[in-house]
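Undergrad: A predicted structure for the sequence below; I have some questions about it.
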2 protein chains.
Amino acid sequence: MNIPVLSAAELKQLLTMDEVIAGVETVYRLKAQSETDVWPHVCHRFTGEHEGVMDIKSGAIGGTVRLHGAKLLNTFWGNAARNLPTFTGLLMLFDATTGLPLGIMDASYITCMRTGASGALGIKAFARADASRLFVMGAGKQAVFQIAATLTLLPQFTTVVIGDPRSDEQAERFAASLPHRLASEFNVQGLDGVAFRAARQDTMADLVRGSDAIITITPATQPLIPDEWVAPGTHLSCVGADMPGKEEVDPALFKRARVFADDLEQCSHIGEMELPLAQGVISRDDVVGEIGDVLQGTIPGRMGNDDVTLFDATGLALLDLITAKQAVDRAAAARLGQQVEI
Amino acid sequence: MNIPVLSAAELKQLLTMDEVIAGVETVYRLKAQSETDVWPHVCHRFTGEHEGVMDIKSGAIGGTVRLHGAKLLNTFWGNAARNLPTFTGLLMLFDATTGLPLGIMDASYITCMRTGASGALGIKAFARADASRLFVMGAGKQAVFQIAATLTLLPQFTTVVIGDPRSDEQAERFAASLPHRLASEFNVQGLDGVAFRAARQDTMADLVRGSDAIITITPATQPLIPDEWVAPGTHLSCVGADMPGKEEVDPALFKRARVFADDLEQCSHIGEMELPLAQGVISRDDVVGEIGDVLQGTIPGRMGNDDVTLFDATGLALLDLITAKQAVDRAAAARLGQQVEI
């Protein structure tokens, strides 16, 4: 049996942000129709000389899609000093009607793409219709995917502010690189109408307060955004927290926000809501529902212009699987990818 | 980054049973020294038109080995009618010092090889030193690996009897094929001194009673071997039960046997001991220990010639990982395998 192997470089050629967003939305909606299975998350911290974390996400998509598979991701911080990539992983995609493999591919680029799509879909589902000012907390590798997805899906955004909790210089450098990167790597249109700027530690509070939508995309384990920085009417897509102990926003925000999950079960264990739930700030009953139900129209998202809304996006293997299938199909059409006998 | 992809056909060329047995024993011993991590088992049953089961096993080996990874296996029974393989899967191997991938390969052949090694190591660890008569319950695809491993590791075995719970003809055909297959596929030596025969349903009880070691390797969900078929002094390697609900031997056997596990936690959820534990026939405290502790000599295995011993082998990703590393190393030396960019 022959299957394609797709490298990160090939995936960059094959995937487009608008298609990835459409795939992620499809999966969220199928989940709301009970057409998906999210299997238990496996994670492990390597300690000692070679510190790192790894996690395995897996699941199945039913309906007419019928895919299953698993993705293993590694983050080994010490690799940077050895000139090796810190964030690596592989994804295995299977046909859920036969169990036969459909492809194997790098998992890091797909993860970045579908995570960007999730943050942006959170804004579409929950932010005010007139939202135009985006604040992104975190100027690391994943932030550009969040911004590319938001500007692709929601061209009404005209201001993008980047804050980095650890380095004003990094935020500045990153903001300056955005127009070129968004155009060349993601083919984002209409960039002339968008202002990009960096926040400094001393302007952060005011710039967060002046935004309509916030995306948090850091590896933080302590809140970076205090409750009082968030104005009424703001939406937050909390994307960074995806392992036990991670936390990016003030737990107090959960008390006044309408809170949504990508998967309630998974969020309660590894998401932004993990610690507020454990601390008793909210209970699971206080979570309004999952994004798929809102996209499907079965539960309401935002109720009024003054609501604070919060979307806890932990990331689902389902999103990787549908994106992987797009890549496999596009590779077949373009005669790209490395065919292997398995 | 380039990594090798190894097909089932290439793995057949690269792996030898004696090396696989040595690797499996190494891992059992490392486990007893707390140098391994067995991560939670994920399993799912697909229902409806396309029935199947899939499971994901994952883990890490520390010590000087330092590997981690995951294996996803599928069994889709309906594939046979469509002339497709029913048992398929993939394995991803990583370097646990950097998280970088070391290889991707077919998982079905590795699973068969290391499962054979496990059953045989159970006999070595727990059967009487003079054991020479093997009974194998199950004449499916995996049985030949059990027999090849036993005869490779324990050349004192001179009788091999095959029983199949559903088909005397299948047992007969399989027994007749063994001398040629063991020689040609596994390079087993000394076959002239081994008698192979098939049991029939009406001779099964006596032939089980006349054996020193029993391996059960079926997908049964009801006991196939009643308590009264098992003579004092016999060893049982129970290999087939590796998912909730599977069961091959009479729960009553657990009351009189010295019971060992490959991994106590996993066995209690998906192994042969799952149902006896749930039914209260035994408690976890009645399980003597894990095979690794016996191989290391920290707990005793068999205490006397009349003991019935029972080894519950559910299979650990750790065994697949060390076998996969052997294959990757041998492929590099032999310039075999398909190099892909990832």
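TA: Looks like it came in fine.

Undergrad: OK, contacts around the closest residue to A:P85 other than its chain neighbours?
TA: In space, and not counting its chain neighbours, A:P85 is closest to A:N79: 6.2 Å by Cβ to Cβ, 6 or more residues apart in numbering or on different chains. Heads up, the C-betas are built off the backbone N, CA and C, glycines and all. Counting by Cβ atoms under 8 Å, 6 or more residues apart in numbering or on different chains, A:N79 makes contact with A:85-86, B:98-100.

Undergrad: Next one: A:N79, what pLDDT does it get?
TA: Note for A:N79: predicted pLDDT of 96.

Undergrad: Confirm that it sits in a strand.
TA: No. Checked against DSSP: H, G, I helix; E, B strand; the rest coil, A:N79 lies outside a strand; its state is helix.

Undergrad: that older thread, highest neighbour count among the contacts of A:N79?
TA: B:G99 (27 neighbours; other Cβ atoms under 10 Å in any protein chain shown).

Undergrad: quick one: that residue from A:V340, how far?
TA: Going from B:G99 to A:V340 by Cβ to Cβ, to the nearest Å gives 22 Å.

Undergrad: go on, A:L84?
TA: From A:L84 to A:V340 the distance is 24 Å (Cβ to Cβ).

Undergrad: Compare neighbour counts for those two and give me the winner.
TA: The residue with more neighbours, out of A:L84 and A:V340, is A:V340; 22 against 15, by other Cβ under 10 Å.

Undergrad: any idea of the pLDDT on the more buried one?
TA: In this model, A:V340 carries a pLDDT of 97.

Undergrad: Check whether the helix or strand containing it comes near chain B.
TA: Per DSSP states H and E, A:V340 falls inside strand A:338-341. Yes. Strand A:338-341 lies within reach of chain B by Cβ under 8 Å from any Cβ of the partner chain, at A:338, A:340-341.

Undergrad: between these, which is closest to A:D37?
TA: Within the residues of strand A:338-341 next to chain B, proximity to A:D37 (Cβ to Cβ) peaks at A:V340, which comes in at 27.8 Å.

Undergrad: show me what contacts the closest one?
TA: A:2-5, A:104, B:5, B:7, B:338, B:340.

Undergrad: For stretch A:157-165, give the mean pLDDT please.
TA: 98.

Undergrad: Tell me how far stretch A:46-61 lies from the chain's centre.
TA: 17 Å (Cα atoms, centre = their mean, to the nearest Å).

Undergrad: does chain B sit close to it?
TA: Yes. Stretch A:46-61 lies within reach of chain B by Cβ under 8 Å from any Cβ, at A:46, A:49-50, A:52, A:54, A:56, A:58, A:60.

Undergrad: How about the secondary structure of A:L102?
TA: strand.

Undergrad: ok, it to A:G337 distance?
TA: 11 Å.

Undergrad: Look at the two and report which has more neighbours.
TA: A:G337 (23 against 20).

Undergrad: Helix or strand: which one has the most centrally placed residue in chain A?
TA: Using Cα atoms, centre = their mean, the residue of chain A that lies closest to the mean C-alpha position is A:T115, 2.4 Å off. Assessed by DSSP H and E, A:T115 sits inside helix A:108-126.

Undergrad: what's the next secondary structure element after that helix?
TA: strand A:133-137.

Undergrad: From the rest of the structure, what touches that following strand?
TA: A:123, A:143, A:146-147, A:150, A:157-165, A:199, A:207-208, A:210-218, A:224-225, A:248.

Undergrad: So which of these belong to helices?
TA: Under the assignment DSSP state H, those contribute A:123, A:143, A:146-147, A:150, A:207-208 to helices.

Undergrad: Throw these into JSON lines and include distance to A:R330 and pLDDT, thanks.
TA: Output for these, formatted as JSON lines (distance: Cβ to Cβ, whole Å; pLDDT from 0 to 100):
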{"residue": "A:I123", "distance to A:R330": "26", "pLDDT": "98"}
{"residue": "A:A143", "distance to A:R330": "25", "pLDDT": "98"}
{"residue": "A:Q146", "distance to A:R330": "23", "pLDDT": "98"}
{"residue": "A:I147", "distance to A:R330": "23", "pLDDT": "98"}
{"residue": "A:T150", "distance to A:R330": "23", "pLDDT": "98"}
{"residue": "A:L207", "distance to A:R330": "38", "pLDDT": "98"}
{"residue": "A:V208", "distance to A:R330": "38", "pLDDT": "98"}
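
Undergrad: got those residues as TSV, with distance to chain B and neighbour count columns?
TA: Shown next, in TSV, are these (distance: Cβ to the nearest Cβ, whole Å; neighbours: other Cβ atoms under 10 Å in any protein chain shown):
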residue	distance to chain B	neighbour count
A:I123	32	26
A:A143	22	26
A:Q146	23	27
A:I147	27	28
A:T150	29	30
A:L207	35	19
A:V208	33	23
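
Undergrad: Could you single out the nearest of those residues to B:V308?
TA: A:Q146 (61.4 Å).

Undergrad: Would you map out the domains in chain A?
TA: For chain A, the structural domains run A:2-110+A:318-341, A:117-315, going by the TED database.

Undergrad: any idea how far A:V194 lies from chain B?
TA: As defined by Cβ to the nearest Cβ, to the nearest Å, A:V194 lies at a distance of 34 Å from chain B.

Undergrad: A:L154 is in contact with that residue, correct?
TA: No. Judged on Cβ atoms under 8 Å, A:V194 makes no contact with A:L154 at a distance of 11.1 Å.

Undergrad: Can you say which helix or strand has A:Q189 in it?
TA: Using DSSP H and E, no helix or strand contains A:Q189.

Undergrad: Apart from its chain neighbours, what residue comes closest to it?
TA: A:P155 (7.4 Å).

Undergrad: Quick check, that neighbour in contact with A:V188.
TA: No. Using Cβ under 8 Å, A:P155 makes no contact with A:V188, being 9.0 Å away.

Undergrad: Now for A:T309: which residues touch it?
TA: A:126-127, A:234-236, A:257-260, A:301-302.

Undergrad: could you dump these to JSON lines with distance to chain B, neighbour count and secondary structure?
TA: Shown next, in JSON lines, are these (distance: Cβ to the nearest Cβ, whole Å; neighbours: other Cβ atoms under 10 Å in any protein chain shown; DSSP: H, G, I helix; E, B strand; the rest coil):
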{"residue": "A:F126", "distance to chain B": "31", "neighbour count": "25", "secondary structure": "helix"}
{"residue": "A:A127", "distance to chain B": "35", "neighbour count": "26", "secondary structure": "coil"}
{"residue": "A:T234", "distance to chain B": "36", "neighbour count": "26", "secondary structure": "coil"}
{"residue": "A:H235", "distance to chain B": "33", "neighbour count": "28", "secondary structure": "strand"}
{"residue": "A:L236", "distance to chain B": "30", "neighbour count": "30", "secondary structure": "strand"}
{"residue": "A:A257", "distance to chain B": "32", "neighbour count": "23", "secondary structure": "strand"}
{"residue": "A:R258", "distance to chain B": "32", "neighbour count": "21", "secondary structure": "strand"}
{"residue": "A:V259", "distance to chain B": "27", "neighbour count": "25", "secondary structure": "strand"}
{"residue": "A:F260", "distance to chain B": "26", "neighbour count": "27", "secondary structure": "strand"}
{"residue": "A:G301", "distance to chain B": "31", "neighbour count": "22", "secondary structure": "coil"}
{"residue": "A:R302", "distance to chain B": "35", "neighbour count": "18", "secondary structure": "coil"}
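
Undergrad: Show me what counts as buried in the helix or strand A:R197 falls within.
TA: Element membership for A:R197 (DSSP H and E) is strand A:195-198. Neighbour counts over strand A:195-198 (16 or more other Cβ atoms under 10 Å in any protein chain shown) mark A:196, A:198 as buried.

Undergrad: Just the residues contacting it, thanks.
TA: A:139, A:158-164, A:168, A:171-172, A:174-176, A:178-179.

Undergrad: mind checking the SS state of A:L321?
TA: Going by three-state DSSP: A:L321 is helix.

Undergrad: Where does the prediction get shaky in the stretch 1-150 of chain A?
TA: Along the stretch 1-150 of chain A, the model assigns pLDDT under 70 to no residue.
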